[in-house]
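1. Attaching a predicted model along with its sequence, questions to come.
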Amino acid sequence: MFRALLLGLALLAVGGCGSKHAAHDADPALWVVKDADTTIYLFGTVHMLKPGLSWFDDGVRKAFDESGELVMEVVMPPEGEMQALVSELGMTASGPALPDQLPADAVEKMHETLTKAGYPAETLDRAEPWLAATMLSSMPLRELGYDEKDGAEQVLTAAAKTAGKRVSGLETAREQLGYFDALPLPAQRALLLDTLQELPNTGATVDKMVAAWSKGDADGLAGIMNEDLARSPELAKALLETRNRNWAGWITRRMQQPGTVFVAVGAGHLAGAHSVQAMLAAKGLKAERANY
């Protein structure tokens with residue numbers, strides 16, 4: 001799961017690329033929570049996708065069209081504001097430089113990855129470990145044609161703006177980055193070292209993740225996306241459980257108002273034992289799988 005979160009956050013700091021692919025049909029999972037006068041759809045997103053994957057149609061499009069508003073994890077602020085926020089929370093001018101905190105082979109791998117991606121080798125030398133991990137995690141995917149402009153968030157946002165729907169976020173950008181920034185340094189370093197070690201496998205892992213997502217295989221997706229968090233309860237609590245609990249609280253409160261809402265969050269939040277649906281069940285609300 002944290003790999004999806006890493007990819008989502010990495011998009012805040014690096015640019016995109018594009019490529020052409022033949023169209024392929026996808027039918028991602030969709031859930032619905034409803035009562036007499038309120039309907040809330042829950043859709044799991046993938047933050048970076050390849051062009052040509054046809055997912056925004058059929059039941060997903062119908063649910064979106066029925067909804068009066070779109071709610072996502074975060075609504076991105078203007079680019080300049082976002083860059084300033086990333087610099088404030090993710091870069092440091094004092095204390096040990098990042099290369100001084102890592103084994104020599106990890107530093108070499110980090111510098112090689114940056115250079116290969118077209119960045120100066122020292123780009124992340126003053127970064128906090130969590131920011132380095134988020135940026136590095138997406139770089140292999142760009143070479144494979146994955147791009148945030150084809151990811152679900154940007155597609156949904158564009159459609160909502162065209163339709164005049166209200167768009168809001170469950171978190172602010174500062175709050176979302178803050179979950180990583182608040183991690184203890186040992187956990188951040190472990191996250192970065194794991195990211196560097198797994199870079200050669202990132203493309204294959206995300207290919208499997210997108211394949212499961214495309215088939216609507218929530219259990220399979222949970223197995224792929226949550227395997228890293230299972231090894232780190234600290235990360236699981238900070239990046240998954242706490243946020244899912246907060247979002248379930250928001251949904252519970254929103255159910256007190258009439259209307260139809262399309263909620264789109266990273267697919268890993270809607271899979272596994274600590275999913276948003278599980279948190280809702282604990283509050284007495286049932287999220288049912290929508291068949292389409």
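-> Thanks, I have the structure now.

2. Check what pLDDT the residue of the chain most remote from its centre gets.
-> Outermost residue of the chain with respect to the C-alpha centroid, by CA atoms, centre = their mean, is Ala36; its distance is 31.7 Å. pLDDT for Ala36: 96.

3. now Leu114
-> Looking at Leu114, its pLDDT is 96.

4. What residues sit buried inside the helix or strand in which it is found?
-> Secondary structure assigned from DSSP states H and E places Leu114 in helix 104-116. For helix 104-116, burial by neighbour count (16 or more other CB atoms under 10 Å) applies to Ala106, Val107, Lys109, Met110, His111, Thr113, Leu114. All C-beta spots, glycine's among them, are computed from the backbone N, C-alpha and C.

5. what about the residue farthest from the centre of the chain, which SS state?
-> Under DSSP: H, G, I helix; E, B strand; the rest coil, Ala36 falls in the coil class.

6. repeat for the one 4 residues further on
-> Look at Ile40: counting by three-state DSSP, its state is strand.

7. Distance of Ala271 relative to Tyr146?
-> Shown here: Ala271 relative to Tyr146, a distance of 20 Å by CB to CB, to the nearest Å.

8. ok, now how distant is Ala282 from His274?
-> Computed with CB to CB, the distance linking Ala282 and His274 is 10 Å.

9. quick revisit: now render the buried residues of helix 104-116 as a markdown table, adding distance to Lys208.
-> What follows is these, written out as a markdown table (distance: CB to CB, whole Å):
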| residue | distance to Lys208 |
| --- | --- |
| Ala106 | 25 |
| Val107 | 29 |
| Lys109 | 23 |
| Met110 | 25 |
| His111 | 29 |
| Thr113 | 22 |
| Leu114 | 26 |
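
10. list the contacts for Leu199?
-> Contacts were defined as CB atoms under 8 Å, 6 or more residues apart in numbering; by that measure Leu199 touches Lys109, Thr113, Leu136, Ser137, Met139, Pro140.

11. Now for the fourth one, how many residues are close by?
-> Residues lying near Ser137 (other CB atoms under 10 Å) number 27.

12. Could you tell me the model confidence score at Phe2?
-> pLDDT for Phe2: 47.

13. With the one 5 residues further on instead?
-> Taken from the predicted model, the pLDDT recorded for Leu7 is 42.

14. Give me the residue ranges of the protein where confidence is low.
-> With pLDDT under 70 as the threshold, the chain has low-confidence stretches at 1-23, 225-231.

15. which residues of it fall in helices?
-> Under the criterion DSSP state H, the chain contains helices at 2-10, 58-66, 79-90, 104-116, 129-143, 152-163, 173-181, 185-198, 202-214, 218-225, 227-230, 233-236, 242-254, 276-282.

16. right, and Gly169 touches Val75 too?
-> Yes: under the contact definition of CB atoms under 8 Å, Gly169 touches Val75, with a separation of 4.2 Å.

17. For Phe180, give its distance to Arg243.
-> 12 Å.

18. now swap in Ala271 and tell me
-> Distance, Ala271 to Arg243, by CB to CB: 14 Å.

19. who's more crowded, the two?
-> Between Ala271 and Arg243, Ala271 has the larger neighbour count (other CB under 10 Å), namely 27 against 24.

20. returning to that earlier point: now for the helix holding Leu114, which elements pack on it?
-> helix 129-143, helix 185-198 (3 or more CB pairs under 8 Å, 6 or more residues apart in numbering; DSSP states H and E).

21. looking at those, which is buried most?
-> Comparing the helices and strands packed on helix 104-116 by mean neighbour count (mean count of other CB atoms under 10 Å), helix 129-143 comes out on top with a mean of 24.

22. So what's the gap between that one and the chain middle?
-> Between the centre of helix 129-143 and the centre of its chain there are 13 Å (CA atoms, centre = their mean, to the nearest Å).

23. hang on, the earlier thing: figure out which of the helices and strands packed on helix 104-116 is closest to Arg253.
-> With distances scored as CB to CB, the stretch of the helices and strands packed on helix 104-116 nearest to Arg253 is helix 129-143 (30.0 Å).

24. residue contacts, Leu136?
-> Neighbour list for Leu136: Ala10, Met110, Thr113, Leu114, Leu124, Leu192, Thr195, Leu196, Leu199 [criterion: CB under 8 Å, 6+ apart].

25. would you turn the residues you listed into CSV with distance to Phe64?
-> Output for the contacts of Leu136, formatted as CSV (distance: CB to CB, whole Å):
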residue, distance to Phe64
Ala10, 26
Met110, 40
Thr113, 37
Leu114, 38
Leu124, 37
Leu192, 37
Thr195, 33
Leu196, 38
Leu199, 35
